[in-house]
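Trainee: When you get a sec, could you give me coordinates for this:
(chains A and B)
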Amino acid sequence: MDAVLGLVLLFPLLGALTNGLLGHRRGWSKKTTAAVALLGSGLAMVAAWVAIGHWLIHFGRHHAWYVKLFSWIPTLWGQTTSGQLAPFTVDFALRLDGLSAVMVFFVTLVGFLIHVYSVGYMDGEGARGYARYFAYLNLFMFAMLTLVLGANLVVMFVGWEGVGLCSYLLIGYYFTEGWCASAGKKAFIVNRVGDFGFLLGIFLAYKVFGTVDFAEIGRLVEGNPSGYEGYLNAVGLLLFVGAVGKSAQLPLYVWLPDAMAGPTPVSALIHAATMVTAGVYMVARANVVYRYAPEAMVVVAVVGGLTAVFAASIGLAQNDLKKVLAYSTVSQLGYMFLAAGAGAFGAAMFHVFTHAFFKACLFLGAGSVIHALGGEQDVRRMGGLRGKLPTTYWTFVVATLALAGIPVFSGFFSKDEILGRVFAAGVGDLHGYGRVYLGLWVLGVVGAFLTAFYMFRAVHMVFSGQYRGEAERLHHVHEAPATMAWPLRILGVGSVVVGFVGMGKAVTFGADVNWFEHFLHDTAPVVATAHLSLGLEWVLILLSVGVAGLGIFLATRFYTGPHAFQTPQHLTQRFPRLYALLANKYYVDEVYEKTIVKPLERTSYFSWKGLDTVAIDGTLNALAFFTEIAGDFLRFLQTGNVRNYVLWILAGAAAFVVLLAV
Amino acid sequence: MELVSFPLSTMIFLPGLAGLVLLLLPSRWIALHRWVSFLVSLATLALALTVLSRFDPNVGDFQLTESAPWLPSLGISYRVEVDGLSLLLVLLTALLQPVVFLSSWGSIQDKVKGYLVSMLVLETGVLGAFLATDLFLFYVFWELMLIPMYFIIGVWGGERRVYAAVKFVLFTLAGSLLMLVAILYMAFQYKAQTGTYSFAYADWLAVQLPMAEGFWGSPQMLAFAAFALAFAIKVPVWPLHTWLPDAHTEAPTGGSIILAGILLKLGTYGLLRFNRALFPEAWERSRSFFMILAVVAIIYGALVSWAQKDMKRLVAFSSVSHMGFIILGMFAGGVVATQGALLQMVNHGLSTGALFLLVGVLYDRRHTRMIEDYGGLAAVMPLYTGTFLLATLASVGLPGLNGFVGEFLILLGTYQSQPVAAAIGATGVILGAVYMLSLVQRVFWNPLSHEENLNLPDISWRELTSFAPLAVLMVWIGVYPTTFLSLSEKAVQKLLGG
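Mentor: Residues are numbered from 1 along each chain as shown, chains lettered A, B, ... in the order given. Below is the predicted model:
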């Protein structure tokens, strides 16, 4: 049965290779492309679910199913911190356990749905572009599943860079547009900055533990936590640098908003539901390191909490529908890190899980709107689309309610779990950083308010009131075709129901039905902190629901009805600087351009023209030049005239005599 | 009964002798010259594979020794043999040569015979230098390479070919003459210690050269420096690199492939084979010095590469950066880093060779290497774009392709003893993406702005065939490096342990 786990990777890889190598041929129709791609992702889903079933039956959720496909890097001998020789080996090995099972489950499901959606969405492309698109998309599935299933840090890194490559290619899918190509490049390079940290984390992990295998590292740390003190913080922080890049956290989040240049299904799959959550997954995967590394954990939480509010505040003032969703993604990823940093790895993963459904649904809904309006993305030129796009409307609203954290919708359960855990970490004074966690909890609540507000602002600007765009576009507005509508419906339903698998005890008045947490108990546990009373939990719940409700109320007041847009306009006039700051995303891109990109460009140019051409090569050329001059001069002495030579000999002899005499 | 009794010597001399035979035939039989050269290079490759099949990877020592006395009174003999260190590079050489002939089929139209003969003689020189274990013989092969390369750059090169060729020769000669002095010094030392002359590598391993406390002045340090200078110029180690961008840029496509793919490796090979083994104390003492230069080269090469406007020059400067990784791994020491460095020599030959090959494909069509003359090519040359992208990804070290395994092992191994150097070096991984992806964007993405490019034909079957073996190996080494790492492991262990 071991082969089944390999098939999960093999099917999408084969799909990618088939469309990638044959797609440029003339006879290769779009139908063939679509069939190959759907088979690649669909069979991967089937294989994944069979594998999960097999694992549950034969291993049970307390044990991992470890499959070594082949020995990738053979045994070499290296040195560890203790000065001993340790073998360095990397097996291309996969690991299915509770943590990876959750990921594999929704990655293949959402992935397949988005493949289906893309069949309709990308229909306007030429056959070649179509094949290229689906080859990349299948390749992404392969890389993402490698990342998730990798049994050691290095195999995870293979998938990690692989998804980065696919992201680069798909963001730049419309490569003739310079800004799309630039956005792709930016994504890859910023991610590489993160990968730099990840790599150093791997090096240090090997140096400290003598292995890069997750299970081995876990055993070593659990066996002797104090023995690795100090190193664990360093390993945790280095790995987290990688996570900050991939999951678009402060200060490396800048690539994700630009990544919206890619086709919308790509934004849904890669830049919302799956790839960007890889950083959270990695932290959860390495939770054994973080659990014994208090400082690293606090850093994770602080970065997450700050990013959550920071990105949400930018989301308030964005007018590009996809950008609103992008900043919302950055913000939600912040919540996930906030949870992980508070020791609630299970809660972080739960939010990864629910977020995958409602955020994919939102992006696909946005795609449906953009598709219907012939490419329009500016919410200021939308409005009143509720009646024209009924399916898109109800799925979008459902997913928005989930994102806002309104009860019974999935996001409510996961976000509430996170805020509760962070509060408990604060009250319980986790690792002595209780005040920090309490502060972060406040940020989390503020973020919840902002989220509800900016999302309902978007909903109203797109669907309520009067249409404000060009009349021409409204003419062609049409509801999504079946291939696009069904993924929307399924994800819309998912946005409601998936939350029920992880209901916290407070919500159920003490009944223990938090299956999700139990499922992950062995692989992504929750660090015990203070126990909150049922009453206090309910106060917290009511508070977070209350601020969300307030956000929705204000957004509805501001953006609907006869006086729509008056208050926001009034506010922007009242606080022009604040508005400009938000609308221009705190000028972070501009600051990076000035302080990093431009100086680096100047250094590069100077290294070439100043150092290389003038200083180094110039010196050598000068040396050659003087040799030539000296040669030219000495040539006059070589006249070929014997009398001249005799003269020189005489002069030399005379000089010698004089020298002797003196 | 084996088919070839002296596989090493046959392999070394077959191309050179074939070249001499071609020299006697009329120049106008161009097709014959092309075919014979190509087939000879294939036969050489077959011989290299024969050597591989007879090679025992479980032995760290030299194997398949072929020797004969040459000038016995001076202790000079003809001696060629192979170990894991040289085998990989011999295979790389034998593989790249047919690729070069295939790629120059269309681009070299002038004085074809001379070009092919130069290439064939060059191959003999290179193979001989990798396999010779008599230092006198090594020096003969080492200098033999210089002459054909001089012609290849100076005759078939670009606009500033003469400047580039002279610069190349002067740099190389400056280093190798000092090396000759050191070689003679070693022979005299051997005589002083044992009573007879010898130029044999194996004998010299036993020579103990005095090593004083001071950095300079001690015989071992001076001999080390003389060898190291010759090799460092070849690598090239920063700041001795300025011959490289000129030579690589002006050389014809085939010349650039051989230069970058193989000749540079003679420098790193020489350092490992001779400097490390013959002068262990001096090596130990100069480690940090070379590691600093290596780290500087990694960053400096990448930065200068980024600023280039000429595609070939960009790739050339990227070599400075990549070779920096190899130097870093070698001087960091340890099996992991050294194996990584050795594998990276092969990787750099493949990916940079492929990049030069592909730049040549474009040059043949448009006769310009300027990046600004392109843009949006992906729309008209989709297959070509795919090949270039593959080579780029190999070059920036994407996991799953060859470059990653080499860089990863180098940095991992370096980190174990020199974490700071490894961390600084690892920034090269970021910068590599910066300059290569900028190149890709400016050439292949963006709007198709130049009318001349609207009807460029996509990569041809011949060109694709010449690229294919490189592509296969990029993936092979990336996915299953064991095949290659296991060939050199014992030799590296012996080198480091002994």
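Trainee: Buried residues of stretch A:179-188, list them for me.
Mentor: Neighbour counts over stretch A:179-188 (16 or more other CB atoms under 10 Å in any protein chain shown) mark A:180-188 as buried. To be clear about C-beta, it is placed using only N, CA and C from the backbone, and glycine gets the same treatment.
Trainee: actually stretch B:436-456, not the one I wrote
Mentor: Buried, per 16+ other CB under 10 Å, within stretch B:436-456: B:436-446, B:448, B:450, B:453, B:456.
Trainee: In TSV, list the buried residues of stretch A:179-188 along with distance to residue B:264, secondary structure and pLDDT.
Mentor: Shown next, in TSV, are these (distance: CB to CB, whole Å; DSSP: H, G, I helix; E, B strand; the rest coil; pLDDT from 0 to 100):
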residue	distance to residue B:264	secondary structure	pLDDT
A:180	37	helix	93
A:181	32	helix	93
A:182	33	helix	92
A:183	36	helix	94
A:184	32	helix	93
A:185	28	helix	94
A:186	32	helix	94
A:187	33	helix	95
A:188	28	helix	95
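Trainee: Quick check: closest non-adjacent residue to the residue in the stretch 451-600 of chain A positioned nearest to chain B.
Mentor: Closest residue of the stretch 451-600 of chain A to chain B, CB to the nearest CB: residue A:600 (7.7 Å). By the measure of CB to CB, 6 or more residues apart in numbering or on different chains, the closest residue to residue A:600 outside its immediate chain neighbours is residue B:303, 7.7 Å from it.
Trainee: any idea how far residue A:382 is from residue A:361?
Mentor: 18 Å (CB to CB, to the nearest Å).
Trainee: And residue B:417, by the same measure?
Mentor: Distance of residue B:417 to residue A:382, given as CB to CB: 60 Å.
Trainee: Residue 351: how many residues sit nearby?
Mentor: Picking chain A for this. Residues within reach of residue A:351, counting by other CB atoms under 10 Å in any protein chain shown, total 29.
Trainee: that's the other chain; I wanted chain B
Mentor: Count around residue B:351 with other CB under 10 Å applied: 31.
Trainee: wait, what's in contact with it?
Mentor: For residue B:351, the contact set (CB atoms under 8 Å, 6 or more residues apart in numbering or on different chains) comprises B:391, B:394-395, B:402-403, B:470, B:474.
Trainee: rerun at 7 Å
Mentor: The neighbourhood of residue B:351, defined by CB atoms under 7 Å, 6 or more residues apart in numbering or on different chains, consists of B:391, B:394-395, B:402-403, B:474.
Trainee: Who has more neighbours out of residue A:361 and residue A:382?
Mentor: Using other CB under 10 Å as the criterion, residue A:361 and residue A:382 rank with residue A:361 on top: 31 against 26.
Trainee: Using CSV, write out every CA atom in the one helix or strand residue A:398 maps to.
Mentor: Using DSSP states H and E, the element containing residue A:398 is helix A:390-404. C-alpha atoms of helix A:390-404 as CSV (Å, rounded to 0.1, in the frame of the first residue of the first chain):
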residue,chain,number,x,y,z
PRO,A,390,-27.5,35.2,-7.3
THR,A,391,-25.2,32.2,-6.8
THR,A,392,-22.1,34.3,-6.5
TYR,A,393,-23.9,36.6,-4.1
TRP,A,394,-25.1,34.1,-1.6
THR,A,395,-21.8,32.1,-1.6
PHE,A,396,-19.9,35.4,-1.2
VAL,A,397,-22.0,36.5,1.7
VAL,A,398,-21.8,33.2,3.4
ALA,A,399,-18.0,33.1,3.1
THR,A,400,-17.9,36.7,4.3
LEU,A,401,-19.9,35.9,7.4
ALA,A,402,-17.5,33.0,8.0
LEU,A,403,-14.5,35.4,7.7
ALA,A,404,-16.1,37.9,10.0
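Trainee: So which of the buried residues of stretch B:436-456 sit within helices?
Mentor: With DSSP state H as the criterion, helices contain B:436-444 from among those.
Trainee: Find the residue at the geometric middle of chain A.
Mentor: residue A:276 (2.4 Å; CA atoms, centre = their mean).
Trainee: what does the stretch 251-400 of chain B put close to chain A?
Mentor: With CB under 7 Å from any CB of the partner chain as the criterion, the stretch 251-400 of chain B meets chain A at residues B:300, B:303-304, B:306-307, B:334-336, B:339, B:376, B:378-379, B:382-383, B:393, B:398-400.
Trainee: so where's the stretch 1-150 of chain B shaky on pLDDT?
Mentor: By pLDDT under 70, the weakly predicted segments of the stretch 1-150 of chain B are B:1-3.
Trainee: The residue of it found nearest chain A: what secondary structure?
Mentor: Per CB to the nearest CB, residue B:57 is where the stretch 1-150 of chain B lies closest to chain A, at 11.4 Å. Secondary structure state of residue B:57, per DSSP: H, G, I helix; E, B strand; the rest coil, is coil.
Trainee: Repeat that for residue A:570.
Mentor: Quick answer, by three-state DSSP: residue A:570 is helix.
Trainee: Could you find the closest non-adjacent residue to residue B:42?
Mentor: Residue B:42 sits nearest to residue B:98 (CB to CB, 6+ apart), 5.4 Å away.
Trainee: The one you found contacts residue B:39, correct?
Mentor: No. Taking contacts as CB atoms under 7 Å, residue B:98 lies outside contact range of residue B:39: 8.9 Å.
Trainee: Counting neighbours, go ahead and name the busier of the two.
Mentor: residue B:98 (21 against 13).
Trainee: mind showing which ranges of the stretch 151-300 of chain B have poor pLDDT?
Mentor: For the stretch 151-300 of chain B, the ranges with pLDDT under 70 are B:213-216.
Trainee: could you redo the last one with a cut-off of 80?
Mentor: B:211-217 (pLDDT under 80).
Trainee: How are the strands of it distributed by residue range?
Mentor: Shown for the stretch 151-300 of chain B, no strands are assigned by DSSP state E, counting those that start in this stretch.
Trainee: Near the residue in it that chain A sits nearest to, how many other residues are there?
Mentor: Closest residue of the stretch 151-300 of chain B to chain A, CB to the nearest CB: residue B:242 (4.2 Å). Neighbour count for residue B:242, taken as other CB under 10 Å: 21.
Trainee: next one: residue B:135
Mentor: Residue B:135, neighbours per other CB under 10 Å, totals 27.
Trainee: Residue B:201 is in contact with that one, correct?
Mentor: Yes. Using CB under 7 Å, residue B:135 is in contact with residue B:201, at 6.4 Å.
Trainee: and for these two, which residues touch both?
Mentor: If you check residue B:135 and residue B:201 against CB under 7 Å, 6+ apart, no residue is contacted by both.
Trainee: What distance do you get for the closest residue to the residue of the stretch 151-300 of chain B closest to chain A other than its chain neighbours to residue A:351?
Mentor: Of all residues not flanking residue B:242 in the chain, residue A:617 sits nearest, at 4.2 Å (CB to CB, 6+ apart). Per CB to CB, residue A:617 is found 57 Å from residue A:351.
Trainee: And residue A:370, by the same measure?
Mentor: 27 Å.
Trainee: can you check residue A:167 too?
Mentor: 21 Å.
Trainee: How about the contacts made by residue A:441?
Mentor: A:419, A:422-423, A:426.
Trainee: Is it in a helix, a strand, or coil?
Mentor: When classified by three-state DSSP, residue A:441 comes out as helix.
Trainee: thinking again about what came up before, inside helices: which ones of the contacts of residue B:351?
Mentor: Among these, DSSP H puts B:391, B:394-395, B:402-403, B:474 in helices.
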